[in-house]
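**Student:** no sequence on this one, just coordinates:
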């Protein structure tokens, strides 16, 4: 089936995530809080919370930390109210970048994100300037281990997946956004653990950077964005080696 993702991008994201695990848990805690406030603290009746918990588990967030985040969000006077804001722009040499944030101060966040784009050879654009180059999909990544590729593909398609891809280490399962929760829960019920599981923005096409200076700037831009406390997710169409 047609592949939508470059494995190097997934592996790069995973290695960065491993290096920033403590910060990542804080960010996922915010996602859990947003889900609780929008749909209540019971995962059985709140699909967004179930999705957030699944993402937390795929990042090896401890169950105690997950439960603390739920309890904190369901209590009264639990601190800041966060809003979700998406920024779109271009990195060096026109690489398309989408930055998803949760912030309690939109002016601070907008200024910080704009500064990072400017500093590392890019520019922040208007809403919609690059998102048309991406498709939102449910993305589930499972370590291959010794599993049979054909059997895994059939399981994924029977669960409702729209696409399937494999390399030497991982299976990638894509779903339509509305099918993501159902497909993920069916695979979870079948006993699979996930390297990652989330709603992702998948580029329709990828671009390479040939200038070493552009590569260095793009790496720095992604690193600084990931380090920013308000940034939840970064999607881009840079094809990394």
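**Tutor:** Looks like it arrived, so ask away. Here the structure is a predicted model, which is why all the values come from computation and not from measurement. Numbers count the residues shown, from 1 in each chain.
**Student:** any idea how far residue 131 lies from residue 227?
**Tutor:** 23 Å (C-beta to C-beta, to the nearest Å). C-beta: built from backbone N, CA, C; applies to glycine.
**Student:** ok, these two, which is more surrounded?
**Tutor:** Neighbours were counted for residue 131 and for residue 227 using other C-beta atoms under 10 Å; residue 131 has more, 15 against 12.
**Student:** how much space is there between that one and residue 230?
**Tutor:** According to C-beta to C-beta, residue 131 and residue 230 sit 19 Å apart.
**Student:** Check residue 169 too.
**Tutor:** Shown here: residue 169 relative to residue 230, a distance of 32 Å by C-beta to C-beta.
**Student:** same question, residue 202
**Tutor:** For residue 202, the distance to residue 230 - C-beta to C-beta - is 23 Å.
**Student:** Look at these two and report which has more neighbours.
**Tutor:** residue 230 (22 against 18).
**Student:** what's the single longest helix in this structure?
**Tutor:** Assignment by DSSP state H gives helix 21-39 as the longest helix of the chain.
**Student:** so what's the closest residue to residue 96 other than its chain neighbours up against?
**Tutor:** Nearest residue to residue 96, sequence neighbours excluded (C-beta to C-beta, 6 or more residues apart in numbering): residue 130, at 3.9 Å. Residues near residue 130 by C-beta atoms under 8 Å, 6 or more residues apart in numbering: 88-90, 96-98.
**Student:** Same question for residue 200.
**Tutor:** By C-beta under 8 Å, 6+ apart, the neighbours of residue 200 are 136-139, 233, 235.
**Student:** Now rank the residues you listed by neighbours and give me the top one.
**Tutor:** residue 138 (25 neighbours).
**Student:** so where is this structure shaky, pLDDT-wise?
**Tutor:** 1-21, 76-80, 241 (pLDDT under 70).
**Student:** again, only using 50
**Tutor:** Within the chain, the ranges that satisfy pLDDT under 50 run 1-7.
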